[in-house]
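**Student:** After the sequence you'll find the predicted model.
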Amino acid sequence: MAAKKKYDCVKCVAYCCSYTHIPVTKSDVKRLAKHFDMSDAKAEKKFTKYGDKASPRVLRHTDDEHFVTSCMFLDKETRLCGIYDARPKICREFPTQTRCGYYDFLTFEREVQDDPDWVATTN
């Protein structure tokens, strides 16, 4: 039996999309290429950049009012994934833990601020 999650992603401002290192596999690039009807090479160049030896390709970012930068595919108005059906494997598997650091922080701050709608921003 899977452990119950102690947070609700629907209430989040897409914190996980602000991770600087969102790894992309060859299969992810193929999926993106198909989604945007372009070659794998063009999709890799347009949507990814060099990460490190462990994850050579990561998703590119764009400016974000909450977290300085976030995944280029995050819709900055709705805070939802703009390529949900074509999203990378890591995004399909996420979240993997029963707790979320951002959600724990947000819950704590809302209690301390006595404001149930309080949202943290980094800018």
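**Tutor:** Okay, I see it.
**Student:** which residues in this structure form helices?
**Tutor:** Secondary structure of the chain (DSSP state H): helices located at 26-36, 40-47, 89-93, 101-113.
**Student:** So which of the ones you listed is nearest Cys17?
**Tutor:** helix 89-93 (8.3 Å; Cβ to Cβ). (C-beta placed from N, C-alpha, C; glycine too.)
**Student:** can you pull the buried residues of the closest one?
**Tutor:** 90-91 (16 or more other Cβ atoms under 10 Å).
**Student:** Next one: the residue lying closest to Pro56 once chain neighbours are set aside from Lys30, what distance?
**Tutor:** In this structure, Pro56 finds its nearest non-sequential neighbour in Tyr50, 6.5 Å apart by Cβ to Cβ, 6 or more residues apart in numbering. Separation of Tyr50 from Lys30 (Cβ to Cβ, to the nearest Å) stands at 19 Å.
**Student:** out of the two, which sits in the more crowded spot?
**Tutor:** Neighbour totals were compared for Tyr50 and Lys30, and Lys30 leads with 14 against 8 (other Cβ atoms under 10 Å).
**Student:** need the contact list for the nearest residue to the more buried one once chain neighbours are set aside.
**Tutor:** The shortest distance from Lys30 to any residue other than its chain neighbours is 5.7 Å, reached at Asp40 (Cβ to Cβ, 6+ apart). By Cβ atoms under 8 Å, 6 or more residues apart in numbering, the residues touching Asp40 are 26, 29-30, 33.
**Student:** what's the pLDDT at Asp40?
**Tutor:** pLDDT, Asp40: 98.
**Student:** so what's the spatially most central residue of the chain up against?
**Tutor:** For the chain, the residue nearest the mean C-alpha position is Cys17 (2.0 Å; Cα atoms, centre = their mean). With contact taken as Cβ under 8 Å, 6+ apart, Cys17 is in contact with 70-71, 74, 81.
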